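Novice: one predicted model, sequence on top.
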Amino acid sequence: MAELLLKNGNKKTFPDGISLFEAVKQLSNSLAKKVLVAKVNGKVTDLREPIVDGTTVDFLTFDDQAGKDTLRHTASHIMAQAIQHLFKDVKFAIGPSIENGFYYDIDTEHRFTQDDFAAIEAEMAKIVKENLPLTREVVSRADALKLFKEAGQDYKVELIEELPEEEEISLYRQGDFVDLCAGPHCAKTGQVKSFKLQTVAGAYWRGDEHNKMLQRIYGTAFEKKEDLDAYLTMLAEAEKRDHRKLGKQLDLFSFHEEGPGFPFFHPKGMILRNNLLAFWHELHNNADYDEISTPLILNRQLWEQSGHWDHYRDNMYFTTIDDQPYAIKPMNCPGGILVYKSNVHSYRDFPMRMAELGIVHRHELHGALHGLFRVRCFTQDDAHIFMLPSQMKQEISGVMDLFDKAYRQFGLEYHVELSTRPKDSMGSDEIWELATKTLHDVVEERHIPYVINEGDGAFYGPKLDFHLKDSIGRTWQCGTIQLDMLMPERFDMTYVGEDGQKHRPVMVHRACFGSIERFIGIITENYAGAFPVWLAPVQIKFLPISDKHLTYAKDLAKKFKKLGIRAEVDESNEKIGYKIRKAQMEKVPYMAVLGDKEIENKTVSLRDRSQGDLGAKPIDEVIAHIQELTASRKG
């Protein structure tokens, strides 16, 4: 008999040699119908594997990320088998699961388009209906090479030849399809009931531009059709909200080949940006932060001292000044530390909260650039808090209060991820354990939903990452709080304690929006470009019915501007219906139609972008309404 320790702490005994799937069937028939894969002693494995006495086992469903990955990885094999049935002389490269889906890289003379997807999906449906078992085989290197050489699968041969001699080589078979794969997989193809092929793109073999360009077909798979339909609906909505399209449509920002990954903000984009920063300044003033500014370029010695030279150099840009090596800053923290060290500090000075809207540069691969979401130059709304060890929990909790106010202003819910020590890190186990426990305790005490993100901390300390949920259910990682006991040591930072002796302060690195540019991209998509009145680049647009009403429109716009309201006039010769539609496309909150009656009565015919016609309104009433919404940031 073999004993397993289950996730809930219970111990269960099973006959020797039965599979994990047979074990879960004995535990619960309902769970057995949903389980896709198991985690045995922390390693994800197929349910077909035999149980091992004394192991800790967690049975995973599609609700778990590993379950999703397993189902989608199996879907990639089903797609490859379908392509093998439909097209000749196809060479397969790799086909992993990815976030929200899967892909397979393929080499063939046929040029795939979305017109091919219906036939491939139909063939996939046949394979699913056949409910073919996926079987795992461990083979010798020689047998694996012989198999794939005879099949003309050059990419598989290359992968096998590069595997270490001692590494186990496994194959997965389903019907007439066999693949080189480490797994794990679903037990049968019939478990992949709901899938959709999405796009086809080019991808260099192994991501190397010197290698051949392959065709990458992307797809997704879900356990239930309704979940797939909801996801596809969300994608369609996301496409409409794409901030890159809206940025162009609303004339907010642009990108140019003269500076890939470097955004250009236009006048209307700067209005949006400046209003966001005004809100940021108000938040930080109210929370007793002092603002600083540090240089863009600092010498190599500083970056060596901070550890960035050894741990972050691949992401940095460099230059030479007076024959000495310098780096363009990828982070603001070393500059903030130098500001701290410019004076002698007492324990009475703490906590010291230094905020900085610092421009940073990070080298991103060209293929990874994505609008405002992934750029090479951005403004990090940074702050560094220096404190006594006894103040750590209090200060971290205060930062979380500030974050909560910021995100709720935009109607954004959030959850937290506690990221622990990475492999490439500095410092002792004791320091990391204390810092990690402190972050853990604060989150627990505040009853905030969180998950553990193993090994994803900064190289100098653990962190809390804040993931925001937008209006269509997507999540975005924005804010971060990093607890650092190592930089103060590396930079010999001190303060004079109550005992008159020198001590080390503790340092917190934190960013609320993360990147101002990225946050603008997020809220552009969250609002679908229809920004609330306080943020909108144009708050009201005057639409004269004809040229004889133009002077009145211009006079009103001038009056509104003097009162701090962002107003524009449509001076075109188009009909009023066209002007209204154009203003609607520009997402302007209010439109004021002006004709003879409005001039005579000193009113405007007011339209709301979502409610439509609001009727005739006195000018002073419109002014007061927009001013109130702007001041309160409620509209």
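Specialist: Good, I have the coordinates.
Novice: center of the protein, which residue is that?
Specialist: residue 476 (4.2 Å; Cα atoms, centre = their mean).
Novice: tell me which helix or strand comes right after the helix or strand that that residue is a member of.
Specialist: Here residue 476 sits within strand 475-484, counting by DSSP states H and E. Next along the chain after strand 475-484, taking DSSP H and E as the criterion, comes helix 487-490.
Novice: just checking, what packs against that following helix?
Specialist: Contact here means 3 or more Cβ pairs under 8 Å, 6 or more residues apart in numbering; DSSP states H and E; on that basis helix 487-490 packs against helix 300-306, strand 506-511. From N, CA and C alone the C-beta is placed, and that goes for glycine too.
Novice: other SSEs contacting the longest one?
Specialist: Contacting helix 300-306 under the criterion 3+ Cβ pairs under 8 Å, 6+ apart are the following elements: helix 308-311, strand 324-328, helix 333-341, helix 487-490.
Novice: could you export the ones you listed as CSV, including distance to residue 234 and mean pLDDT?
Specialist: Below are these laid out as CSV (distance: least, Cβ to Cβ, whole Å; pLDDT from 0 to 100):
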stretch, distance to residue 234, mean pLDDT
helix 308-311, 37, 88
strand 324-328, 38, 95
helix 333-341, 37, 94
helix 487-490, 41, 88
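Novice: mind putting these in a markdown table, mean neighbour count and distance to residue 200 included?
Specialist: Output for the helices and strands packed on helix 300-306, formatted as a markdown table (neighbours: other Cβ atoms under 10 Å; distance: least, Cβ to Cβ, whole Å):
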| stretch | mean neighbour count | distance to residue 200 |
| --- | --- | --- |
| helix 308-311 | 16 | 37 |
| strand 324-328 | 17 | 37 |
| helix 333-341 | 20 | 42 |
| helix 487-490 | 19 | 46 |
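Novice: closest to residue 278 out of the ones you listed?
Specialist: Among the helices and strands packed on helix 300-306, the nearest to residue 278 by Cβ to Cβ is helix 333-341 (22.6 Å).
Novice: give me the contacts around that closest one.
Specialist: 292, 294-295, 298, 302-303, 305-306, 308, 329, 352, 354, 356, 358, 382, 384, 386, 487, 491, 493, 505, 507, 509 (Cβ atoms under 8 Å, 6 or more residues apart in numbering).
Novice: and the helices and strands packed on helix 487-490, which is most packed in?
Specialist: Each of the helices and strands packed on helix 487-490 was scored by mean neighbour count; the highest is strand 506-511, a mean of 24, by mean count of other Cβ atoms under 10 Å.
Novice: after that strand, next one along is what?
Specialist: Next helix or strand after strand 506-511 toward the C-terminus (DSSP H and E): helix 516-526.
Novice: point out the other helices and strands that that next one packs with.
Specialist: helix 225-241, helix 243-249, helix 267-286, strand 377-387, strand 475-484.
Novice: in CSV, list those along with distance to residue 450.
Specialist: Listed next are these as CSV, based on distance: least, Cβ to Cβ, whole Å:
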stretch, distance to residue 450
helix 225-241, 24
helix 243-249, 28
helix 267-286, 23
strand 377-387, 21
strand 475-484, 12
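Novice: pretty sure residue 591 is touching residue 604, no?
Specialist: No. Using Cβ atoms under 8 Å, residue 591 is not in contact with residue 604, being 9.1 Å away.
Novice: give me the more crowded residue out of these two.
Specialist: Taking neighbours as other Cβ atoms under 10 Å, residue 591 and residue 604 compare with residue 604 leading, 28 against 25.
Novice: part of a helix, is residue 427?
Specialist: No. Assessed with DSSP: H, G, I helix; E, B strand; the rest coil, residue 427 is coil; it does not lie in a helix.
Novice: residue 460 is in contact with that one, correct?
Specialist: Yes. Applying Cβ under 8 Å, one finds residue 427 in contact with residue 460, separated by 7.1 Å.
Novice: need the overlap of contacts for those two.
Specialist: With Cβ under 8 Å, 6+ apart, residue 427 and residue 460 have common neighbours residue 486.
Novice: who has more neighbours, the two?
Specialist: Set side by side, residue 427 and residue 460 show more neighbours around residue 460, with 27 against 19, by other Cβ under 10 Å.
Novice: let's verify residue 201: helix, strand, or coil?
Specialist: The three-state assignment at residue 201 reads strand, by three-state DSSP.
Novice: returning to that earlier point: dig out what the residue nearest to the centre of the chain forms beta bridges with.
Specialist: Taking DSSP bridges as the rule, residue 476 bridges to residue 468.
Novice: contact partners for it?
Specialist: Contact analysis of residue 476 by Cβ under 8 Å, 6+ apart lists 467-468, 470, 518, 522.
Novice: give me that answer again for 7 Å
Specialist: Residue 476 is in contact with 467-468, 470, 522, counting by Cβ atoms under 7 Å, 6 or more residues apart in numbering.
Novice: next: residue 439.
Specialist: By Cβ under 7 Å, 6+ apart, the residues touching residue 439 are 396, 418, 462, 464, 483.
Novice: if you set the cut-off to 8 Å instead, what comes out?
Specialist: Per Cβ under 8 Å, 6+ apart, neighbours of residue 439: 396, 418, 462-464, 481, 483.
Novice: and which of these is nearest residue 64?
Specialist: residue 418 (18.3 Å).
Novice: is it true that that closest one touches residue 449?
Specialist: No. The criterion here is Cβ under 8 Å, and residue 418 misses it with residue 449 at 11.3 Å.
Novice: the two: which is more packed in?
Specialist: residue 418 (21 against 10).
Novice: just the angle between the host helix or strand of the more buried one and strand 475-484, please?
Specialist: Per DSSP H and E: residue 418 is located in strand 413-419. Relative orientation of strand 413-419 with respect to strand 475-484: 40 degrees, computed using axes from the mean of the first three to the mean of the last three Cα atoms, to 10 degrees.
Novice: now do strand 413-419: which elements does it pack against?
Specialist: So strand 413-419, by 3+ Cβ pairs under 8 Å, 6+ apart, packs with helix 392-409, helix 429-446, strand 450-453, strand 463-469, strand 475-484.
Novice: that strand pairs with which strands, and in what direction?
Specialist: When sheet partners are counted by DSSP bridges, strand 413-419 sits next to strand 450-453 (parallel), strand 463-469 (antiparallel).
Novice: so can I have a markdown table of the ones you listed showing mean pLDDT?
Specialist: What follows is those, written out as a markdown table (pLDDT from 0 to 100):
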| stretch | mean pLDDT |
| --- | --- |
| strand 450-453 | 88 |
| strand 463-469 | 92 |
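Novice: surely residue 402 and residue 283 touch.
Specialist: Yes. Under the criterion of Cβ under 8 Å, residue 402 makes contact with residue 283 at 5.9 Å.
Novice: quick one: common contacting residues for these two?
Specialist: Joint contacts of residue 402 and residue 283 (Cβ under 8 Å, 6+ apart) are residue 512.
Novice: quick revisit: and the residue nearest to the centre of the chain, how far is that from residue 249?
Specialist: For residue 476, the distance to residue 249 (Cβ to Cβ, to the nearest Å) stands at 21 Å.
Novice: go on, residue 66?
Specialist: 40 Å.
Novice: also residue 82?
Specialist: With Cβ to Cβ as the criterion, residue 82 and residue 249 are 39 Å apart.
Novice: quick revisit: neighbour-wise, which of residue 66 and residue 249 wins?
Specialist: residue 66 (19 against 13).
Novice: what's in contact with stretch 601-618?
Specialist: Defining contact as Cβ under 8 Å, 6+ apart, one finds that stretch 601-618 is touched by 530, 542, 556, 580, 583-584, 587-595, 597-598, 619, 622.
Novice: sorry, back to before: let me have the helices and strands packed on helix 487-490 in a markdown table, extended by mean pLDDT.
Specialist: A markdown table is the format used below for the helices and strands packed on helix 487-490 (pLDDT from 0 to 100):
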| stretch | mean pLDDT |
| --- | --- |
| helix 300-306 | 92 |
| strand 506-511 | 94 |
